[in-house]
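[1] Coordinates only, no sequence provided:
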């Protein structure tokens, strides 16, 4: 393959040279973030929460096991772009059906390789997540790219859920392929669950299904009334991209639902629930993205190794009296989970559905179905 | 849960001598455990028979017992120290086994000693194949299909279920004898029949073969609150069928999707919970069928292991240290991450680099053995390297091995040949590729150079295509450079882009020199001219997500360096690289002692080393650690960054010494004895002249470049002669020749290998006794650290010989002469630091055999026996202190105790190798026995080395002609006096009869049956004395040695050793034994 040069330009003025990968000649821009998971690039790239973000993978070999049809969290690549140290051209896995490069091309996603990703991480760690542009080709004007990076709309204050939510309600009833099933699969009861799609990951739906839920996925803009019309046993609030405080309709919807039905939220859903309860959220310096973050369950005092992907956090000092913090991130003591003390509702900042990441927190799905009436 | 307050004293068990499969990783883990437990305020009692370890340094534990690791001796320790708890998980299989034995004998119960770290039930469930299989069944995890059968009928039923190919493993046979792989029903029936016969309980395991599957390991930690984390995943490049210790391995796993990885993680969590390992680390191995992803559990080690040492070094997560804290009650969330110092230890490290481990084998030491790899581990050491890619890490790891290789090929002229052989010429390579050997990685390089396709290579080797393709990148890029060079491109034409890419692919300067037909120094100059120098990244457990407080670095080529030279004064110590026979833990001990002394003097101590097993590569030990190959290039790169006050090259054995001259020539200050002083001692001619001037005698010697000169020299010197090629290490290829014919054939063979090298010929002092002296000199004063007398006579490599401190039958005048020669030589060689001299004494006359102005293998033994830390003193001297200001007493030959060092050999791993000792060193480790008398010390050293002395029974004696003397007769009579019956070969029986000793005659092996071999096998012989002095006997009776070894019958090949054992047996029969700590030994000697 002939080498096409590429530049990664950051809003702080840094220009990093490398080689083009993905859809050659395409460009991408967005908020530059990093993920420290050593496996699961396909799940990460297809996770709608990465909408408008350019993902830097800290693990230096990406693409080793190619991509397959199963390990997807949505129908297509959601991340805006990709930054890797070395993209593997060779694929070695019995489930792979194409190399990552081809997959990126298929989805028109641009990226850059041959850059010192650790250096980039250290910059983001020190200066915070920042906007960037990746461009391919000879004779690129780095400074011009920096200017363009500075014009990318900032993440704070932006509701991105409308870019990723389902246009129409739909039913979900699939589970994971047989080889990869874990925990609960024999169910005694069925539950009707409405999942509000702020950018929902498929594995959340697979997990809910595995616990006996018949999932109706509804668009982010669905009102509380419409949701209640489904007569659900419980309502699920999904993960998603962007600033939670900007998801105004979602916050209103949740306000109206709390107390009426059991509610479980993950990630953006957690933040929206907190906002609906009157708490505040704020933007983290560089966020938490990886599959190794320790969280303590404050009730059991046990540790869960969790999958995380969020740039905003709930300010636990603003939680009202009827809300308790149930989980805490041990790396920086940020709020990792909340529960209402006077209604069946709880939420976590991290990803119990994993994919990618450990399954330690899968019990939360059980907790959710146990909140719902048995039928 | 916070630290437990119900226990105060903890007994830690070490792993004993270094053997294949159990090396210095347990010194690393044990030292960490002891340190942590003491920091936590516990009183730590340690038992370990290996004196060469840092953990047996008297500062590491409160009471240090260098005593046999047996239930009897540990019971003595328990009675004396009354520990409330025992930590059995830090000392490998040895510690686990002895703990189970202590439990089974009721000793733990009797003295109320509780297990911490792992419970008996867990150990048994993990160790017993049947219990483990049941446990896996309970939690729904698959193992290779199969089970135990007792007869053919059961076997046939089993094979229905298992399918072919199948592995048959007879239960409880030694070294897996009688087993094999069957590919069809006929083979199966035959193998099963022989397997059931071979098994003493008539049972065999019939198991599905998973050879060729992908092999993975997970390092798992669990605490009392049932928190579990995976510290590291490891993928074996060599697939199932090769022992993981013999595999090239890579961390993290490279070819698993997240789903597959999480499925394995889930399994690991289930396993550690089901087995019930309460706290601490475990290693779990899995195999995955590459065709369909089917995963099976292979085994679990409920303790820290070689892999956990590797994982600790690879991630920065100190498994043993944390396991020790968990064992005393802490939970993972209560422990702070050592590296970030902010985040907690209950997380799973994320790494942003690739780590490759390559095993190091020493097959050339065991000529009769083949170098194929299988399920039994054969490597003696390993090297590890970090890189930002697999290519970089692999090439760095290969050049860390110090076997004259500088990467993945392209380091020898033949690699410049780009021609592709014909298909017919590739046939031998194809068949070589089918077999895993020590050379497989270079066979892979050839396969790629010769254009074999990835699927072809995968079919032949079962290497994963991903690894093959990564290696192909290296080969293709190198070939591109060679083609360019063949077209007339010179090194000076290599631009920034190409040079940088070569370096990011891990190519060494030596390889690049080959690619462009230039020299290493020219490449180095060109590289610097282009501004291409390595960056140093940090091993931080978290992929840079958090700031790191711990300076633990590796090199790569990138856009940012994280290492900065501090303004403090600093000293770099060069470590000893991968363990090998002749250079092992003893040198790591010296390096670490050096680090301690450097730090105590207020300097930064910076370590460069590439051996993941060692204490020296624990970032806790040093002020700063560079995990790098010990090549000129890699070492100089660090020196360029750090600009130290000086570099110490005299502690790490041959590895750093080989670099000394070049580093000095580069303008770097070496601390201690100058390279010229080292050369003066090593260069035969210069040294000969020097000792001539000093009037110190040495055996007469000569050199030769051809057969005629060799014979002429030998005629002048007189037979027997000791011959070797010049510049060999660890006695490689040394031989004693008694006659012209054997000298001729030896010389011809040696010259056939390398015409340019001299053959060194020394007169061999037969029946001489060897002595070793370890000393420290500051250029003015010389401190005698210790004088040791060898038990085996001269001719056995000093590293293999047992030695006794203080000397047990040397006259005062001999001792005085040795001391005076030592002082003279130290001064003449301008020694600053350590000095080791080997002497031979023949008929009361003292000869100097060898002088080494550097740390010797015996430094730790001498230091432990005497309580004087020689390596630390040497370091202080090298940094300018004078001995006269230190107030340290010279070695006292009338000390009130006797210490014996005994060597341990890997012969069981190399069943075809000769067990007779000679001038070539072959031991892997050592033990120490120390007690008030010679007899008592020898008993302990024997037990520690795994040789149990018999109290009664039959002694077989076969003497060489040389040994049919009064001395031999006295020894035989000694055994008779103790009530032993003597059996002997006919010649020896005649000789004994002549000395009025009755001996039953027995046939030699070739004389017919039943022979002595049958008697040994039948348990009719309890001790063998077979002195094969003289050439033919050394080879003739190998089978007897092997048989004795197989049935664990003590086997002595020298009269001296037989005599020493006699005093041991006397002591054993008449005296009570107990255990004494080093601290008590030293306190007693202060009283004197």
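    Done, it's in. As the structure is a computational prediction, the values presented were derived from the model and not from experiment.
[2] Next, count neighbours for residue B:865.
    29 (other CB atoms under 10 Å in any protein chain shown). Bear in mind the C-beta positions are built from the backbone N, C-alpha and C, glycine included.
[3] That one: which element?
    helix B:859-866 (DSSP states H and E).
[4] which other helices and strands contact the helix or strand following that helix?
    Counting by DSSP H and E, the element after helix B:859-866 in chain order, helix or strand, is helix B:870-878. The contact analysis (3 or more CB pairs under 8 Å, 6 or more residues apart in numbering or on different chains; DSSP states H and E) places helix B:870-878 against helix B:585-600, strand B:646-648, strand B:769-778, strand B:782-793, strand B:832-842, helix B:859-866.
[5] got JSON lines for these, with distance to residue B:199 and mean pLDDT too?
    Converted to JSON lines, the helices and strands packed on helix B:870-878 look like this (distance: least, CB to CB, whole Å; pLDDT from 0 to 100):
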{"stretch": "helix B:585-600", "distance to residue B:199": "36", "mean pLDDT": "97"}
{"stretch": "strand B:646-648", "distance to residue B:199": "54", "mean pLDDT": "97"}
{"stretch": "strand B:769-778", "distance to residue B:199": "45", "mean pLDDT": "96"}
{"stretch": "strand B:782-793", "distance to residue B:199": "37", "mean pLDDT": "93"}
{"stretch": "strand B:832-842", "distance to residue B:199": "47", "mean pLDDT": "96"}
{"stretch": "helix B:859-866", "distance to residue B:199": "41", "mean pLDDT": "97"}
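[6] now the ones you listed as JSON lines including distance to residue B:97?
    Formatted as JSON lines, the helices and strands packed on helix B:870-878 follow (distance: least, CB to CB, whole Å):
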{"stretch": "helix B:585-600", "distance to residue B:97": "21"}
{"stretch": "strand B:646-648", "distance to residue B:97": "38"}
{"stretch": "strand B:769-778", "distance to residue B:97": "33"}
{"stretch": "strand B:782-793", "distance to residue B:97": "28"}
{"stretch": "strand B:832-842", "distance to residue B:97": "35"}
{"stretch": "helix B:859-866", "distance to residue B:97": "24"}
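[7] closest one to residue A:181 among those?
    Of all the helices and strands packed on helix B:870-878, it is helix B:585-600 that lies closest to residue A:181, at 47.4 Å by CB to CB.
[8] returning to what we had before: what's the helix holding residue B:865 in contact with?
    B:51-53, B:56-58, B:66, B:585-586, B:589-590, B:593, B:774, B:785-786, B:788, B:803, B:805, B:834, B:836, B:868-871, B:891, B:895, B:897, B:899, B:901, B:926, B:928, B:930, B:1078 (CB atoms under 8 Å, 6 or more residues apart in numbering or on different chains).
[9] How about the residues of the stretch 1-150 of chain A by chain B?
    A:16, A:34, A:36-40, A:42-43, A:58-61, A:64-65, A:68, A:70-71, A:85-86, A:88-95, A:115-119, A:121-122, A:125 (CB under 8 Å from any CB of the partner chain).
[10] what about the stretch 151-300 of chain B, any weak spots by pLDDT?
    B:173-178 (pLDDT under 70).
[11] For the residue of it with the smallest separation from chain A, which residues are in contact?
    Here the stretch 151-300 of chain B gets closest to chain A at one residue, residue B:258, 3.4 Å apart by CB to the nearest CB. Neighbour list for residue B:258: A:37, A:39, A:40, A:43, A:71, A:291, A:355, A:356, A:357 [criterion: CB under 8 Å, 6+ apart].
[12] Roughly how far does it sit from residue B:907?
    46 Å (CB to CB, to the nearest Å).
[13] now residue B:96
    Taken as CB to CB, the span from residue B:96 to residue B:907 is 24 Å.
[14] Those two: which is more packed in?
    Ranked by neighbour count (other CB under 10 Å), residue B:96 and residue B:907 place residue B:96 first, with 24 against 19.
[15] Mind checking which of the residues of the stretch 1-150 of chain A next to chain B are buried?
    A:16, A:34, A:36-40, A:42-43, A:58-61, A:64-65, A:68, A:71, A:85-86, A:88, A:90-95, A:115-119, A:121-122, A:125 (16 or more other CB atoms under 10 Å in any protein chain shown).
[16] Now intersect the residues you listed with the helices, please.
    A:42, A:43, A:117, A:118, A:119, A:121, A:122, A:125 (DSSP state H).
[17] Near residue A:356, how many residues? Count them for me, please.
    27.
[18] how about it, secondary structure?
    coil (DSSP: H, G, I helix; E, B strand; the rest coil).
[19] quick one: pLDDT of it?
    In the predicted model, residue A:356 carries a pLDDT score of 97.
[20] ok, it to chain B distance?
    4 Å (CB to the nearest CB, to the nearest Å).
[21] Next up, phi/psi of the residue nearest to that residue when sequence neighbours are not counted, please.
    Counting by CB to CB, 6 or more residues apart in numbering or on different chains, the nearest residue to residue A:356 once its immediate chain neighbours are dropped is residue A:40, at 2.2 Å. When read as degrees, to the nearest 10, the backbone of residue A:40 gives phi 100, psi 30.
[22] Distance check, residue A:40 against residue B:347.
    Residue A:40 is 17 Å from residue B:347, by CB to CB.
[23] burial count for residue 84?
    I'll assume chain A. 26.
[24] The intended chain is chain B.
    There are 18 residues near residue B:84, going by other CB under 10 Å.
[25] wait, isn't it in contact with residue B:112?
    Yes - look at residue B:84 against residue B:112 with CB atoms under 8 Å: they come within range, at 6.9 Å.
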